[in-house]
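**Student:** quick one: sequence and predicted model below, then my questions.
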Amino acid sequence: MRAIVQRVKSAKVTVQDKIVGEIGPGLVVFLGVGEDDTEDDLSYLVDKVTNLRIFEDDDGKMNLSVMRLGLQVLVVSQFTLWGDCRKGRRPSFSHAAPPEKAVEMYEDYVTRLRGTGLRVETGEFQAMMTVSVENDGPVTILLDSSKLF
């Protein structure tokens, strides 16, 4: 699984002019599921995102997590994180999970995040979305579970 994690002051997702998810301070997670992703990949990203220390403490050091601060998370499905642009000019998405697998893992990811007690909002799977992000820092982190196994 791949994720782009952004520390934000606020964020929202709109589908057909309707806000479907909105948060204040916290994290936006753009989540992409790969064809070979497993339960281990999902568990890794849940743990990593909830405990990633990218919020500043009183000394100005990135030492606090979204979990420790009790902030909010907005999760947006984004298969384009699996775009391979090494050949040609148009990305290939051949390593992205098929929609049936991707939606199941995406929903499981959201359920597990909610199980931590965090307030979690979402976009709409497979919808054309407008995502508005007020990045804080800016702080943007790339996570890829396949780099670990």
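**Tutor:** Perfect, thanks for sending it.
**Student:** any idea of the mean pLDDT for stretch 99-115?
**Tutor:** Mean pLDDT, stretch 99-115: 98.
**Student:** do stretch 56-64 as well
**Tutor:** 97.
**Student:** hey, C-alpha coordinates of the helix or strand hosting residue 110 in PDB?
**Tutor:** Assigned by DSSP states H and E, residue 110 belongs to helix 99-115. C-alpha atoms of helix 99-115 as PDB (Å, rounded to 0.1, in the frame of the first residue of the first chain):
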ATOM      1  CA  PRO A  99     -11.500  -2.100  -7.700                       C
ATOM      2  CA  GLU A 100     -13.000  -5.000  -5.800                       C
ATOM      3  CA  LYS A 101      -9.800  -5.600  -3.800                       C
ATOM      4  CA  ALA A 102      -9.100  -1.900  -3.400                       C
ATOM      5  CA  VAL A 103     -12.400  -0.900  -2.000                       C
ATOM      6  CA  GLU A 104     -12.300  -3.800   0.500                       C
ATOM      7  CA  MET A 105      -8.800  -2.800   1.800                       C
ATOM      8  CA  TYR A 106      -9.700   0.900   1.700                       C
ATOM      9  CA  GLU A 107     -12.800   0.300   3.800                       C
ATOM     10  CA  ASP A 108     -10.900  -2.000   6.200                       C
ATOM     11  CA  TYR A 109      -8.200   0.700   6.600                       C
ATOM     12  CA  VAL A 110     -10.800   3.300   7.500                       C
ATOM     13  CA  THR A 111     -12.500   0.900   9.900                       C
ATOM     14  CA  ARG A 112      -9.200   0.200  11.700                       C
ATOM     15  CA  LEU A 113      -8.400   3.900  11.900                       C
ATOM     16  CA  ARG A 114     -11.800   4.600  13.500                       C
ATOM     17  CA  GLY A 115     -11.100   1.700  15.900                       C
END
